[in-house]
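In: Next comes the sequence, and after it the predicted model I'd like to discuss.
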Amino acid sequence: MPPPSLAILPDFPEEGWPSMDLVAEMLLKHLAGSDLVRATRLCPQYRKLFAVLGRRGRNVDRLRNRMRVYPKFAAKHANDFDCFHLCDHSYSQVVHALPADRTGVFCHDLDTFRCLLEPDKEPRPTWFKQMARTILTGLQKARVVFYLTQPVRDQIERHNLIDPAKLVRCPVAPAAEFTPDEPNQSAIGNRQSAIPPSPFLLHVGSCIPRKRIDVLLRTFATARAAHPTLRLLQIGGEFTPEQRALIDQFKINDAITQVRGVTRDHIAAAYRRAALVLQPSNAEGFGLPVVEALACGAPVLASDIPVLREVGGDAALHAPVGDPDAWAEIVTAILRGDLQPPDRHTRLAQAAKFSWAEHARVIAAAYHGIHVARTTSP
């Protein structure tokens, strides 16, 4: 029996979610030549109709492309492949346009459904809840749902969202660029100047509320008071007005560098040179920057939440969620040399537990099994 054909459905690249793009890129790369499946990327063209109207128009375009363009495109290809894999659970509305019994979804976290699961904490208008419900029911229809960490599975089961028999654990991993070895300077490109002189603290990711950038900024302000040459590098986000107000309040604007749109080589170089990588999030599905930093040999201080405990293991230090005083105390102790992070060998060994090759193998095996069951059943 030839291996089944598998369509890999990624996010629209125009949405600009590097972590989601990475998942699709690495999966396709490591499925090339697989004996279990024949993988093909399948994604419609993103249509910009209202972008000229500014931010509101761009949001309208996002909704239209996600909720109408993508499902309509997928439906046209429903008979072209043996199985289908959606790389992002927030695109699960597409499952409604596909044969659900041979479609799977990768569930990174439950943020997309927070307005349904915890409406008091995240109130949303009726139209938004209806959209979230459409996405959720698509996820629930899928034949298989891949998840990252045990805490994500625990949340799924606690809310009774998915039949546990459908769930398959499948962690992600750092890309090949994230190593402890410095490459040639040309690999970093002309953005090398964006990396501040040492010592600096580093945060990689967006600036959405659950990332707790307020804790990051307050921690940095306190640590800088004790270490006046200390700087902060933030990669990948855009400070909100509230976060900028904090920066102004603490008078630390000149000590902060924020960059977006840089290569993985550049991010890896920043990890390797950072005095400490901070991950103060109050919720994560995986926390990929923690593993990336460890793969580069960098010391990590992360929030004391189950998912970051699982991912960081004994290789990362942890601080109480939302407590900038406790965070600053740990940071300053490390900078003074009074507290030693786990050693470099421990960091690298923890990162080595995660593999894109294994990620791809688990996914391929699941779809191979689905195809065999369908084609051999009486």
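Out: Everything's here; your move. As the structure is a prediction and not an experimental result, all values here were calculated from the model.

In: which residues sit in contact with V69?
Out: The contact partners of V69, taken as CB atoms under 8 Å, 6 or more residues apart in numbering, are P44, Y46, R47. All C-beta spots, glycine's among them, are computed from the backbone N, C-alpha and C.

In: can you rerun that using 6 Å?
Out: Contacts for V69 were tallied using CB atoms under 6 Å, 6 or more residues apart in numbering; they are P44, R47.

In: Look up how far I8 lies from it.
Out: Look at V69 and I8: by CB to CB, to the nearest Å, they are 18 Å apart.

In: now R347
Out: Counting by CB to CB - R347 and I8 are separated by 31 Å.

In: For A75, I want the exact helix or strand it lies within.
Out: With elements taken from DSSP states H and E, the one containing A75 is helix 70-76.

In: which residues sit against that helix?
Out: Residues lying outside helix 70-76 but in contact with it, judged by CB under 6 Å, 6+ apart, are P44, V94, A97, L98.

In: In terms of neighbours, single out the busier of R347 and I8.
Out: When R347 is set against I8 and neighbours are counted by other CB atoms under 10 Å, the residue ahead is R347, at 26 against 22.

In: Which secondary structure element is home to the more buried one?
Out: Counting by DSSP H and E, R347 is part of helix 344-351.

In: the longest helix in this structure is where?
Out: The longest helix of the chain (DSSP state H) is helix 356-376.

In: from the middle of its chain, how far away would that helix be?
Out: Mean C-alpha position of helix 356-376 versus that of the full chain (CA atoms, centre = their mean, to the nearest Å) differs by 23 Å.

In: Stretch 51-71 too?
Out: Relative to its parent chain, stretch 51-71 has a centroid offset of 22 Å by CA atoms, centre = their mean.

In: do the same with stretch 121-129
Out: 23 Å.

In: re earlier: quick check: next helix or strand after the helix holding A75?
Out: Downstream of helix 70-76, the next assigned helix or strand under DSSP H and E is strand 83-86.

In: Where do the strands of this structure begin and end?
Out: Secondary structure of the chain, counting by DSSP state E: strands at 5-9, 38-41, 83-86, 103-107, 144-147, 167-169, 200-204, 231-235, 256-259, 276-279, 300-303, 317-319.

In: can you give me the angle the fourth one makes with strand 5-9?
Out: For strand 103-107 against strand 5-9, the angle between stretch directions is 40 degrees (axes from the mean of the first three to the mean of the last three CA atoms, to 10 degrees).

In: sorry, back to before: from the contacts of helix 70-76, which is closest to F84?
Out: Each of the contacts of helix 70-76 was checked against F84 using CB to CB; the closest is L98, at 5.1 Å.

In: Who are the contact partners of the closest one?
Out: Neighbouring residues of L98 by CB under 6 Å, 6+ apart: A74, A78, F84.

In: and if you look at I247?
Out: Shown here is I247, whose contacts under the criterion CB under 6 Å, 6+ apart are N253.

In: I figured Y46 was touching G16, is that so?
Out: No - the pair Y46 and G16 fails to qualify as a contact (CB atoms under 6 Å) at a distance of 11.1 Å.

In: Count the neighbours of the nearest residue to I195 once chain neighbours are set aside for me.
Out: Once flanking residues are discounted, I195 sits nearest to A270: 5.3 Å by CB to CB, 6 or more residues apart in numbering. Burial measure for A270: 27 neighbouring residues, criterion other CB under 10 Å.

In: any idea how far F286 is from A270?
Out: 20 Å.

In: And for A7?
Out: 24 Å.

In: so who does the residue nearest to I195 touch?
Out: By CB under 6 Å, 6+ apart, the contact list for A270 reads I195, L202, L233.

In: contacting residues for G57?
Out: Contact partners of G57, counting by CB under 6 Å, 6+ apart, are F50, A51.

In: give me that answer again for 10 Å
Out: Listed by CB atoms under 10 Å, 6 or more residues apart in numbering, the contact set of G57 reads K48, L49, F50, A51.

In: got it, and T134?
Out: By CB under 10 Å, 6+ apart, the residues touching T134 are M67, P71, S92, Q93, V95, H96.

In: Spatially, which two of those residues are the most separated?
Out: Considering CB to CB, no two members of the contacts of T134 lie farther apart than M67 and V95, which are separated by 12.7 Å.

In: The two: which is more packed in?
Out: For M67 versus V95, the count of surrounding residues by other CB under 10 Å is larger for V95: 27 against 16.

In: Surely that one touches A142?
Out: Yes - in this structure, V95 is within contact of A142 by CB atoms under 10 Å, at 5.3 Å.

In: which neighbours do these two share?
Out: Looking at what touches both V95 and A142 (by CB under 10 Å, 6+ apart), the common residues are F84, L86, H89, T103, G104, V105.

In: hmm, which two among these are most spread apart?
Out: The two members of the shared contacts of V95 and A142 with the most space between them (CB to CB) are F84 and H89, at 14.0 Å.
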